[in-house]
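**Student:** build me a structure from this.
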Amino acid sequence: MKNFVFFILFISFTALGQIPTGYYNTANGLTGYPLKTELKNIITAGHNPQSYDALYTLYATSDNDDYYDNGTQTNTILDIYSENPAGADSYNFGLTQDCSGVSITQEGLCYNREHIFPQGFFNSSANPTPRHDAHHVIPTDGFVNNGRANYPFGEVGTAQTTYANGSKWGNSISPGYTDRVFEPIDEFKGDVARMMLYFATRYEDNYNDSSWDNPNASNYDPRDGSQNRWYEQWFIDQMLIWHAQDPVSPREVERNNEIYNFQGNRNPYIDNPQYVAMIWSGTGGSGSGTLFPTLSGTYVDINGNSIVDAGDEIQYTYDIANIGTTTLYNLRATSPLGTFNPGNQVASLAAGQSLSNPFGTFTYILTAADATNSCGCITNQLLLAADYNATGTNGTLNVASDDPNNFTNNDSDGDNLPDDFTIVTYPNGGSGVAGDLFISEYIEGSGNNKAIEIANFTGASVDLSNYTLQISTNGSGSWASPRALMGTLADQDVYVVTNSQASDSNIIAQSDEAVSSAPMNFNGN
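**Tutor:** Numbering: from 1, shown residues only. Next up, the predicted model:
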């Protein structure tokens, strides 16, 4: 019998690296854009860019793929466009398998140096040059890098191209932008966000550099032409979401340390993730205001089968309170998980006023992975933006929701209000317990490559001798050819029945019982 493998998402609120003593001391007590400017001063001092070719030498340690795969791939490069955090990679690159002299016609041939902030938008020969800055220049598959082109990062609606690990590009569904975007997998969204925000900080003085492209020259350039906010508001909103959704990982900390040894400066948003909200929670202008959103959720068994399974929902309720002294405008909401229907925007909210569910019905539909995750829970948060004036020209406030039933009182955005993640647990102990065995996978391959997988999530071992497997030919409704099962199926284990004439080695390797006749001679109907 085969074991299920579970992948657990740990939410980290703090990441500590080898930060030199006193490195950030001059930033203490600052918030907003003054904090951003002081961080720029800190990470500029001591920054000693190395040669472009030297990046290849750095990658052997900074981007060595020893973080995933149980540390077994110490001689390969970690490429965020091919890495599969949950299993085997589709392909791997050796440490020296760069794209020099290679005709790049498909994925998996070689890796090259990708500028997370596109090189096409800045002067690559300027001094200082972002071209050599390892904090935003990473090794990625050359074919995917070419496919990404100069598209900004964002959430994809309909994908035009999807790559090996699920990275994709297509039309944007990030609020405020409708052109093409590139979306990495969830595992690396926070990494990308912190690299982009580093770039906006380290090179904030280049906001009006005449040797760089004009920010308005391309719709794909996310810059807004300002020194402070630096990026357009939709892009800041998206980066804040990804930063919150994918917290700093040990892999990022390790890479930050390697780059510090290489070029003498650090990414402050890896060392101190709270700086992100402290800078961009009120993005520019002289306006002021305070919002306090709360988010609660309830698990709903949509199909009424008393089993936590794919298609069930978390249905949320939320309240938005303006607890400041000024009216706020153009309120909009996003969330790492779920959708709003119909997704309204609120034109204004006066001081002292509150709204319940103003953006429409908010739900999240469980996936198969959610239904069987080890915590039996969904962690989510509402991310809210509001402008200080009706035209959006006097700055924007960004805040995160609080779980009113959680008294940890985390304050990630520095506004002196709690913003704990909302955690909704499932019933039956929150572990996706099923009332009975169920068929979890069906394979109808070529020839006799057929298999049925039976899963046990009942919370206890099950005697299979009490069960038979039968077939209903052509959907007739009558069940025939019963095949008695045998043995004991442990909780969270599966039993695989295959056609004995199967030729596919992958199917044969998974077989617990091979059957030469019905019910394993089905043909898909």
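**Student:** what's around Phe235, how many residues?
**Tutor:** 25 (other CB atoms under 10 Å). (Glycine included, C-beta is placed from N, CA and C.)
**Student:** likewise Thr61?
**Tutor:** 16.
**Student:** and it, what is it in contact with?
**Tutor:** Glu258 (CB atoms under 8 Å, 6 or more residues apart in numbering).
**Student:** tell me if I am right that Lys36 is in a helix.
**Tutor:** Yes: counting by DSSP: H, G, I helix; E, B strand; the rest coil, Lys36 is located in a helix.
**Student:** quick one: contacts for it?
**Tutor:** Ala200, Thr201, Glu204, Asn228, Ile279.
**Student:** what of Val276?
**Tutor:** Ala193, Arg194, Leu197, Met239, Leu240, His243, Tyr269.
**Student:** how about the helices in this structure?
**Tutor:** 32-44, 54-62, 142-148, 189-202, 233-245, 250-263, 268-271, 274-280, 368-371, 505-510 (DSSP state H).
**Student:** would CSV of those with mean pLDDT be doable?
**Tutor:** As requested, the helices of the chain are exported to CSV (pLDDT from 0 to 100):
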stretch, mean pLDDT
helix 32-44, 93
helix 54-62, 95
helix 142-148, 96
helix 189-202, 97
helix 233-245, 88
helix 250-263, 94
helix 268-271, 95
helix 274-280, 85
helix 368-371, 82
helix 505-510, 83
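**Student:** compare the ones you listed and give me the one nearest Thr178.
**Tutor:** Thr178 lies closest to helix 233-245 among the helices of the chain, at 9.8 Å (CB to CB).
**Student:** tilt between the closest one and helix 189-202?
**Tutor:** 130 degrees (axes from the mean of the first three to the mean of the last three CA atoms, to 10 degrees).
**Student:** and the contacts of helix 233-245?
**Tutor:** Taking CB under 8 Å, 6+ apart as the rule, helix 233-245 contacts 152-155, 174-177, 186, 189-190, 192-194, 196-197, 222, 224, 229, 231, 269, 273, 276-277, 280, 283, 334-336, 381, 383, 385, 392, 396, 398, 400, 412.
**Student:** buried subset of those?
**Tutor:** 152-155, 174-177, 189-190, 192-194, 196-197, 222, 224, 229, 231, 269, 273, 276-277, 280, 283, 334-336, 381, 383, 385, 396, 398, 400, 412 (16 or more other CB atoms under 10 Å).
**Student:** do you know how far Arg332 is from Arg180?
**Tutor:** 22 Å (CB to CB, to the nearest Å).
**Student:** I misspoke; the intended subject was Asn25.
**Tutor:** Distance from Asn25 to Arg180, by CB to CB: 43 Å.
**Student:** pick out whichever of these two has more residues nearby.
**Tutor:** For Asn25 versus Arg180, the count of surrounding residues by other CB under 10 Å is larger for Arg180: 19 against 8.
**Student:** residue contacts, the more buried one?
**Tutor:** With CB under 8 Å, 6+ apart, Arg180 has these contacts: Tyr151, Gln160, Trp169, Gly170, Asn171, Ser172, Tyr220.
**Student:** quick revisit: output the contacts of Lys36 as a markdown table; include the columns distance to Thr408 and neighbour count.
**Tutor:** Below are these laid out as a markdown table (distance: CB to CB, whole Å; neighbours: other CB atoms under 10 Å):
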| residue | distance to Thr408 | neighbour count |
| --- | --- | --- |
| Ala200 | 31 | 24 |
| Thr201 | 29 | 25 |
| Glu204 | 34 | 19 |
| Asn228 | 32 | 19 |
| Ile279 | 24 | 27 |
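**Student:** quick one: which of these is nearest Asn303?
**Tutor:** Using CB to CB, the contacts of Lys36 come closest to Asn303 at Ile279, 45.2 Å.
**Student:** tell me the centre residue of the protein?
**Tutor:** With distances taken as CA atoms, centre = their mean, Asp186 lies nearest the centre of the chain, 2.1 Å away.
**Student:** for Asn398, see how far away the closest residue to that residue other than its chain neighbours is.
**Tutor:** Leaving aside its sequence neighbours, Asp186 sits nearest to Asp246 (CB to CB, 6 or more residues apart in numbering; 6.2 Å). Distance, Asp246 to Asn398, by CB to CB: 17 Å.
**Student:** now do Thr57
**Tutor:** 39 Å.
**Student:** related to what we said a few turns ago, ok, the residue nearest to the centre of the chain touching Ala193?
**Tutor:** No: assessed by CB atoms under 8 Å, Asp186 is found out of contact with Ala193, at 11.8 Å.
**Student:** any common contacting residues for those two?
**Tutor:** What both Asp186 and Ala193 touch, as defined by CB under 8 Å, 6+ apart, is the set Asp246.
**Student:** where does the stretch 251-400 of the chain have low pLDDT?
**Tutor:** Across the stretch 251-400 of the chain, residues meeting the criterion (pLDDT under 70) sit at 282-287.
**Student:** all the strands of it, residue numbers only.
**Tutor:** Assigned by DSSP state E, counting those that start in this stretch, the stretch 251-400 of the chain shows strands spanning 282-283, 291-300, 313-322, 328-334, 339-342, 346-349, 354-356, 360-365, 377-380, 383-387, 396-400.
**Student:** save these as CSV, and put in distance to Asn112 too.
**Tutor:** Output for these, formatted as CSV (distance: least, CB to CB, whole Å):
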stretch, distance to Asn112
strand 282-283, 34
strand 291-300, 42
strand 313-322, 41
strand 328-334, 33
strand 339-342, 36
strand 346-349, 45
strand 354-356, 49
strand 360-365, 37
strand 377-380, 36
strand 383-387, 34
strand 396-400, 35
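**Student:** looking at these, which is closest to Gly101?
**Tutor:** Checking the strands of the stretch 251-400 of the chain against Gly101 by CB to CB gives strand 328-334 as the closest, at 43.7 Å.
**Student:** quick one: that closest one to strand 313-322, angle?
**Tutor:** Using the same axes, to 10 degrees: strand 328-334 against strand 313-322 is 160 degrees.
**Student:** which of the residues in strand 328-334 are buried?
**Tutor:** In strand 328-334, residues buried by neighbour count (16+ other CB under 10 Å) are Leu328, Tyr329, Asn330, Leu331, Arg332, Ala333, Thr334.
**Student:** please state the offset of that strand from the chain centre?
**Tutor:** Offset of strand 328-334 from its chain centre (CA atoms, centre = their mean, to the nearest Å): 23 Å.
**Student:** just the C-alphas of it, formatted as CSV.
**Tutor:** Only the C-alpha atoms of strand 328-334 are listed here, as CSV (Å, rounded to 0.1, in the frame of the first residue of the first chain):
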residue,chain,number,x,y,z
LEU,A,328,-11.4,57.9,2.9
TYR,A,329,-12.1,57.2,-0.8
ASN,A,330,-12.1,54.5,-3.4
LEU,A,331,-12.0,51.6,-1.0
ARG,A,332,-11.0,48.3,-2.6
ALA,A,333,-10.2,44.8,-1.3
THR,A,334,-8.0,41.9,-2.3
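**Student:** mind listing the strands it pairs with, and their directions?
**Tutor:** For strand 328-334, sheet partners with direction are given as strand 346-349 (antiparallel), strand 383-387 (antiparallel), following DSSP bridges.
**Student:** noted, bye for now.
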